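Peer 1: Sequence plus predicted model, see below.
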Amino acid sequence: MKKLISLIILTTFISCNDGDFDVPAFEFSETVSNCGEYLLYVTNASKTETLILNFTNKQISGTEGEKSFEISSSLPVTYRIFEEAIGADYFCQEIPPATPKVVKELTAESGTINVTTHLKEGKTDVYEYDISFTNLLFFDKNDERIFFETLNFGTFTN
């Protein structure tokens, strides 16, 4: 009996641990916010998670149609989790604020950004950009894989 109890106790202490990895929900509002012309971001309802795109004038232009761009170091997609809610001007400050603290930041390893550009209904010089991702891949510091075959970013109006 002692051997059986010892074995159970030993097994309890040595048992596997699946770690502290939390799979992010990636549930963002469909309202795309911007800072300047080319920094676009969406937040979750509590404003503690963001998905950020750094575009250039090559991706946001007044030409209707569909375009695709590969994610790269010059065209990054970043996911951030903050300690508390961010303000509306968080990304528009020249020097990033010290608070709220960034708890986790992941930069996409690969994927494709899809942009469909069309004139806004009833307007002649206002464009809407429907933005989505395909094959979006993130790795966290523990090499845990976060993959989305498709993910809608939202619609940006310029």
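Peer 2: Here it is on my side, so go on. Every value quoted in this text rests on a predicted model; they were computed, and no experiment measured them.
Peer 1: count of neighbours near the closest residue to residue 145 other than its chain neighbours?
Peer 2: Counting by CB to CB, 6 or more residues apart in numbering, the nearest residue to residue 145 once its immediate chain neighbours are dropped is residue 139, at 6.0 Å. (Glycine included, C-beta is placed from N, CA and C.) As a burial measure, residue 139 scores 15 neighbours (other CB atoms under 10 Å).
Peer 1: give the contact list for residue 139.
Peer 2: Neighbouring residues of residue 139 by CB atoms under 8 Å, 6 or more residues apart in numbering: 106, 109, 145-146.
Peer 1: again with residue 26
Peer 2: Residue 26 is in contact with 49, 51, 79, 148, 151, counting by CB under 8 Å, 6+ apart.
Peer 1: now do 10 Å
Peer 2: 42, 44, 49, 51, 79, 136, 138, 146, 148, 151 (CB atoms under 10 Å, 6 or more residues apart in numbering).
Peer 1: Using the three-state scheme, assign it.
Peer 2: Of the three states, residue 26 takes coil under DSSP: H, G, I helix; E, B strand; the rest coil.
Peer 1: roughly how far apart are it and residue 34?
Peer 2: 20 Å (CB to CB, to the nearest Å).
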